[in-house]
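Visitor: sharing a model that was predicted from the sequence below.
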Amino acid sequence: MADDGEGPTPIGPHVPKPAGRPKNPVGQWRPIFLQALGATGNVSAACMAADITRSTAYRSRETSVRFREGWDEALTTAMELLEAEARRRAMTVSDTLLIFLLKAHNPAKYRDRYEAPPVIDAEFEETVWTLDLGEPGAAYAELPAPEDEGTG
């Protein structure tokens, strides 16, 4: 789309950036950033919409509890939008996606079931532990000595 100076310039899904807008004064970029972050789940796209650098956004996240909470809420909103789109596609297009969603939302019912067999059965293990072999090596003391193969 050519920039004719009229209207917004798209920078991502549902996040228009007005063309030729001057930089936002300190702090006034935050609502724009949070709205764009909630719509895209993408920090770079939100920074472009708010006309700030990524370092400005991350620095504000570190220093402002309220902004950090807004950031977390925006990412939650973005994830919910993504889940809604995945659900829509699962219901209309993709059985595989439907299976993933079922497993994610009800793992007790839809998880893959694999139970490894026991390595040693309990009866064998009990037998091994209750054997009385006496002194170490005593079981081998009664074995005949090997014949000397060197004579002949």
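Guide: Nice, thanks for sending it over.
Visitor: distance of Glu73 relative to Thr56?
Guide: Note on Glu73: its distance to Thr56, by C-beta to C-beta, to the nearest Å, is 19 Å. Every residue, glycine included, has its C-beta placed from N, CA and C.
Visitor: what is the burial count for His32?
Guide: Actually, residue 32 is Ile. It isn't His. 20 (other C-beta atoms under 10 Å).
Visitor: not counting its neighbours along the chain, what's nearest it?
Guide: Closest residue to Ile32 apart from its sequence neighbours, by C-beta to C-beta, 6 or more residues apart in numbering: Ala50 at 4.3 Å.
Visitor: ok, now which ones touch that neighbour?
Guide: By C-beta atoms under 8 Å, 6 or more residues apart in numbering, the residues touching Ala50 are 24, 29-30, 32-33, 36, 57.
Visitor: how far away is it from Pro31?
Guide: Ala50 is 9 Å from Pro31, by C-beta to C-beta.
Visitor: retrieve the pLDDT associated with Lys103.
Guide: As predicted, Lys103 sits at a pLDDT of 88.
Visitor: count of neighbours near it?
Guide: 13.
Visitor: do Asp72 as well
Guide: 12.
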